[in-house]
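Engineer: give me a model of this one.
(one chain, ligands or ions: 2)
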Amino acid sequence: MILQGFKRWGWDYFFYGAFLLAVFLKLYLFGAFSDTVFARTGLVGFIKESLSKLLNEGTIIGFYAGLTLISVGALLLVSFWTLFLKQSKRWISLLILNAVLTFLIVGDLIYYRYFNDLLSMTVLSQANQVGAISGSILDLFQAKDIIFILDLIVLIPLVIILIKRGNGKLKARMVTRGALGLAAFVIGYLFVMSPINEYTKKYGSALFASNWYNMALYSQTGLLGFHGFDIYRYVNEAVFEQKKISAKESKVIENWFNDHQKEMSNETPFYGVAKDKNVIMIQLEAFQNFVINQKINGEEITPNINKLINDSMYFPNFSLQTGQGRTSDAEFLANASLHPLYSGSVYVRYPSNTFDSLPGILKQNGYETAAFHAYKKSFWNRYVVYDNYGFDHFFGEGDFKEGEIAGWTLGDKPFMQQSVDELVKMKKPFYGFMVALTSHHPYNIQSKFRTLNVGEYEGSIVGDYLHSVHYVDEAVGMLVERLKKENLWDETVLLLYGDHDYGVDNNEAMMKIAGEDFTPYNIEKTFHEVPLVIHLPNDEGKGVYERTGGQLDLSPTILHALGVPFDDRYMMGGNLFEEKNQLVVQRDLSFTNGDYTYKSSVDGFFDKGTCFDGKTGKITDINLCKPAYDQAKKELNISDKVIFSNVLEKFMKKE
Ligand code: GP9
Ligand code: MN
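Structural biologist: Ligands and ions are numbered 1, 2, ... in the order given. Below is the predicted model:
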């Protein structure tokens, strides 16, 4: 009878088994290709460890066992209903499910390669972003990724042939179908829920609620577990939960800002040095500090910026603080002096909140303000946010005249020149915010601009990057000349900084170009550093400033030079003119304060991170990082609450 059953239902066992096994292996492959916890021990080690935990310790706590159970359980939960169907329909449904999950897993992998994170609902709700950087997406595919569709290449024709041959018509009795489907559901549910219950028993709800890092959740629940929770969270946030904060929480936030305003009242010799001067702030795309003042085959990579540095204030220990919102996060940090969100971009999720923004404040102080970016105005939702910030004008794609194309659109040379064309027409003083673009990933700048001799890096993404930043450097040189010609040079505060890291996984090359020793501390530091150059009228304060600082500090620093009081400002950043190191907090809770640098761990637990001594660069006692860690955590927490509950709307109305 069993044999007969096998004859009748053999293809069913095969297709259902193939579905479970193939998708499970793909989940494993995601771990292996992204080198995340799931796969570090290798497939055999991973199975062994899971089983030994379960059998010897009788627990499913421990990363791998729970993760395995949830992955298998989730597969049962998404597929149990196919057991109710007639054979052919079931086979087709399983193929479709397989294809959809494969699409998701590969999507995650591609996304992970660029952002070191997983696709979340908030990211997907910004699908236009994903579309517009498709050049980079293609670049992130690797030949080995083909393995993800090998099973489908075999299974799809097989199902077609079988159905054509007349197989697939069987339909089990109602009771059998019901029992099987229900069994799959119940097993799936138990597999998913029992580890989750164990986790909540052990860690409380923190794992799910605090949400510092998607990878932390993934390392416990696997990819499907993460996506399940992410969808649940998104629906909950968007549909059921109105984020209101209590009066007590509001008071805590208000006190924080009051204390900060007091701290910021320290005078420095720079207070008001640039009173009523114009401001031009330029955000350079993916521009990292390790190319500054460096040579490649005897030639300077950024000769013009290096020259500018001689007449300016240069901050070589200045850091990016961006998150998933990349360029938009950098703009937000620089203009609103709040932290970016953990997930998604403020520009997309909370574009209409009240912010105490640099353009808004300068406008109140009699400035005419304009933002410039030579790409679609809807990208990163800029047109909504710029208007909200209080910019008088936004020049975007369509407003610029045709000109030299470099990188993906109008090159930074004509972009900066045409932006100045507009600025000179404006009422003085003006504030111009330019978002440059040429040096965007994957750096495939046109060959006529490849003028550097990048030697061993020619033909690699690192070489492409060097060519791109070299072009951007020339654009900066031309801009400086132009400002001098327009007699704006000593009438203007000029700031240059980079928006985020360059997203290339080649630490050897980076450290070689930077001329630094290949140590974990140096790598961490170099990868986060973007240049900051501030040129004040009459070369005021020129020199190198070793103090630490970050993008959050830009607006408060500018206001200080302009002599605009900070008394009732709701900005979180510090003043870089003060002779001290600023605490620079990254979105993943890594930070530096000069004395210590903390690198957070992928799973988000404090003591799994690494604490470096800022002087020696050596790993030191983790507890030495704890006080600053607590402060960093509080900062992020306050910033998040301010954004989630639109707290500044209330605070700023009071005035
Ligand atoms: C597009 C540009 C790029 O307008 O700002 O954004 P990014 O991909 O770097 O976040
Ligand atoms: Mn960018």
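Engineer: alpha carbons only for contacts and neighbour counts from here, please
Structural biologist: Noted.
Engineer: which secondary element of the protein has the worst mean pLDDT?
Structural biologist: When the helices and strands of the chain are scored by mean pLDDT, DSSP states H and E, helix 127-132 comes last with a mean of 56.
Engineer: need the pLDDT of Y203.
Structural biologist: With respect to pLDDT, Y203 scores 67.
Engineer: now swap in N167 and tell me
Structural biologist: You'll see N167 listed with a pLDDT of 88.
Engineer: let me see the contact set for it.
Structural biologist: S88 (Cα atoms under 8 Å, 6 or more residues apart in numbering).
Engineer: OK, now which residue of the stretch 551-655 of the chain is nearest to ligand 2?
Structural biologist: Per Cα to the ion, Q551 is where the stretch 551-655 of the chain lies closest to ligand 2, at 13.7 Å.
Engineer: tell me who's in contact with that residue.
Structural biologist: With contact set as Cα under 8 Å, 6+ apart, Q551 has these partners: F318, S319, L320, Q321, A330, L333, A334, S337.
Engineer: tell me the SS of the fifth one?
Structural biologist: Using DSSP: H, G, I helix; E, B strand; the rest coil as the criterion, the local structure at A330 reads helix.
Engineer: surely it meets A336?
Structural biologist: No - between A330 and A336 there is no contact under Cα atoms under 8 Å: 9.8 Å.
Engineer: re earlier: relative to ligand 2, which of the contacts of Q551 is nearest.
Structural biologist: Using Cα to the ion, these come closest to ligand 2 at A330, 8.1 Å.
Engineer: what is the burial count for the nearest residue to the closest one once chain neighbours are set aside?
Structural biologist: Of all residues not flanking A330 in the chain, D499 sits nearest, at 5.2 Å (Cα to Cα, 6 or more residues apart in numbering). Neighbour count for D499, taken as other Cα atoms under 10 Å: 31.
Engineer: check contacts around D499.
Structural biologist: Contacts of D499 by Cα under 8 Å, 6+ apart are Q283, L284, E285, A286, F287, L320, T322, R326, T327, A330, E331, V530.
Engineer: among these, which ones are in strands?
Structural biologist: Members of the contacts of D499 lying in strands (criterion: DSSP state E): Q283, L284.
Engineer: write out the residues of the stretch 201-350 of the chain neighbouring ligand 2.
Structural biologist: With Cα under 5 Å from the ion as the criterion, the stretch 201-350 of the chain comes near ligand 2 at residues E285, T327.
Engineer: nearest residue to whatever residue of the stretch 201-350 of the chain ends up closest to ligand 2 in space, please, no chain neighbours.
Structural biologist: Closest approach between the stretch 201-350 of the chain and ligand 2, counting by Cα to the ion: T327, at 3.8 Å. Leaving aside its sequence neighbours, T327 sits nearest to D499 (Cα to Cα, 6+ apart; 5.8 Å).
Engineer: where do the helices sit along the stretch 101-250 of the chain?
Structural biologist: With DSSP state H, counting those that start in this stretch as the criterion, the stretch 101-250 of the chain has helices at 121-124, 127-132, 134-140, 150-164, 174-203, 206-209, 214-235, 247-263.
Engineer: state the phi and psi torsions of E368.
Structural biologist: Dihedral pair for E368: phi -100, psi 140, per degrees, to the nearest 10.
Engineer: ok, now which ones touch it?
Structural biologist: By Cα under 8 Å, 6+ apart, E368 lies in contact with L362, D392, M426, K427, K428, P429, F430, Y431.
Engineer: which of those residues tops the neighbour count?
Structural biologist: Using other Cα under 10 Å as the neighbour test, those are led by Y431, with 27 neighbours.
Engineer: in helices, which of the contacts of Q551 appear?
Structural biologist: A330, L333, A334 (DSSP state H).
Engineer: with adjacent residues omitted, what lies nearest to Y545?
Structural biologist: In space, Y545 is closest to F315, 5.0 Å off (Cα to Cα, 6+ apart).
Engineer: mark which of the contacts of E368 are part of strands, please.
Structural biologist: Mapping these onto strands (DSSP E) picks out F430, Y431.
Engineer: quick check: residues of the protein near ligand 2?
Structural biologist: So far as Cα under 5 Å from the ion goes, the chain lies against ligand 2 at E285, T327.
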